[in-house]
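J.: Sequence plus predicted model, see below.
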Amino acid sequence: MIDLIGRTEPLVDAFRRPITYLRISVTDRCNLRCVYCMPEAGLAWIPKPAILSYEEIAEIVHAAATVGVSSIRLTGGEPLIRRNLERLVTMLHAIPGIDDIALSTNGLLLADQAAGLRAAGLDRVNVSLDTLDPDRFTAIARRPGLDRVLAGIDAAIAADLGPVKINCVLMRGTNDDELEAFAALTRQRAVHVRFIEVMPCTRTSRCRRRHGYRPTRCLNAWAASVRSHRSSICTATALPACSRTPERPARSA
């Protein structure tokens, strides 16, 4: 734990590299139940009184900005579930030293909020999307909504929340036949697609054993299937799938 109150020297890691990036989970709740993320019945949610208010979050960010933090990412759970998120974005945007505010979302509620969030000061979004097939979407997320996610992506593009990045958790035998479709998506929409490995977290270990994909295998499969899309923007990373699991939201003391 780092005590930001009263600190004057810049934040650095163990290798003396400056720390300029802060992730803030505004809620642990989510409106999807992705198979690699959480049980279908959900989790034991943190009581609302135990989660930091927007004012408390802004105070922490202000302290972080004084010691070198300049980039904020709002996450969940699903952050757009929390009411009046635009108000928090407005507060963070007004803090001196904060020059980049991003949002990670599953996109279900993005279409209705993209323009307002942009006006409040949000700079860009990452959208989690594992398939372009409606039935497969329902099977993976245990909820329907592919059309709403695509509408949210289009709304983000229209609101200039770019670059809009799509994070796709690649799962062997589940969606690895859609590599070319995702590459083609980058030609149809102004998006970046990133294929993410299912990492061995406690809740995802069984899923990883069944569906795990090594980054090199992903790259080889992608290269073989999309040679005709040489201008597509596509990267493969080893970011953990559990980055989509509910992070523990900021809690009050």
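T.: Perfect, thanks for sending it. Numbers count the residues shown, from 1 in each chain.

J.: right, and Pro144 touches Asp133 too?
T.: No. In this structure, Pro144 sits apart from Asp133 without contact. The criterion is Cβ atoms under 8 Å, and the distance is 11.9 Å. For glycine as for every other residue, the C-beta is placed from the backbone atoms N, C-alpha and C.

J.: So which of the two has more stuff around it?
T.: With other Cβ atoms under 10 Å as the criterion, Pro144 and Asp133 differ in neighbour count, and Asp133 comes out ahead with 15 against 12.

J.: quick one: that one and Ala139, what's the gap?
T.: Counting by Cβ to Cβ, to the nearest Å, the gap from Asp133 to Ala139 is 9 Å.

J.: What of Leu85?
T.: 29 Å.

J.: what about the two, which has more around it?
T.: Relative neighbour count places Leu85 above the other of Leu85 and Ala139, with 23 against 13, counting by other Cβ under 10 Å.

J.: Secondary structure class of the residue nearest the centre of the chain, three-state.
T.: Within the chain, one residue has its C-alpha closest to the average C-alpha position: by Cα atoms, centre = their mean, that is Ser104, at 2.8 Å. Judged by DSSP: H, G, I helix; E, B strand; the rest coil, the three-state class of Ser104 is strand.

J.: quick one, strands of the stretch 51-200 of the chain?
T.: Using DSSP state E, counting those that start in this stretch, the strands found in the stretch 51-200 of the chain span residues 71-75, 100-105, 124-128, 164-170, 191-197.

J.: Could you tell me the angle between the fourth one and strand 100-105?
T.: On the basis of axes from the mean of the first three to the mean of the last three Cα atoms, to 10 degrees, strand 164-170 is oriented at 40 degrees to strand 100-105.

J.: So which residues of the protein form helices?
T.: Under the criterion DSSP state H, helices of the chain are mapped to 54-65, 85-93, 110-120, 134-141, 146-158, 179-188, 205-211, 215-225.

J.: mean pLDDT for those helices: which is lowest?
T.: Ranked by mean pLDDT, the helices of the chain end with helix 205-211 at the bottom, a mean of 52.

J.: hang on, the earlier thing: could I get the helices of the chain as JSON lines with distance to Leu11?
T.: Listed next are these as JSON lines, based on distance: least, Cβ to Cβ, whole Å:
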{"stretch": "helix 54-65", "distance to Leu11": "8"}
{"stretch": "helix 85-93", "distance to Leu11": "17"}
{"stretch": "helix 110-120", "distance to Leu11": "26"}
{"stretch": "helix 134-141", "distance to Leu11": "36"}
{"stretch": "helix 146-158", "distance to Leu11": "30"}
{"stretch": "helix 179-188", "distance to Leu11": "35"}
{"stretch": "helix 205-211", "distance to Leu11": "32"}
{"stretch": "helix 215-225", "distance to Leu11": "29"}
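
J.: and stretch 153-169, which residues are buried?
T.: Under the neighbour-count criterion of 16 or more other Cβ atoms under 10 Å, stretch 153-169 has 153-157, 159, 161, 164-169 buried.

J.: Quick one: low-confidence residue ranges for the stretch 1-150 of the chain.
T.: In the predicted model, the stretch 1-150 of the chain carries pLDDT under 70 at residues 1-7.

J.: One more pass at 90, please.
T.: In the prediction, the stretch 1-150 of the chain carries residues with pLDDT under 90 at positions 1-14, 34-46, 48-49.

J.: measure Ile140 to Val164 for me?
T.: In this structure, Ile140 and Val164 are 20 Å apart, going by Cβ to Cβ.

J.: Equivalent analysis for Asp112, please.
T.: Here the criterion is Cβ to Cβ. By it, Asp112 lies 16 Å from Val164.

J.: cool, and Arg87?
T.: Taking Cβ to Cβ as the measure, Arg87 falls 23 Å from Val164.

J.: From start to finish, how long is stretch 157-165 in a straight line?
T.: Taking Cα to Cα, to the nearest Å, stretch 157-165 runs 10 Å from one end to the other.
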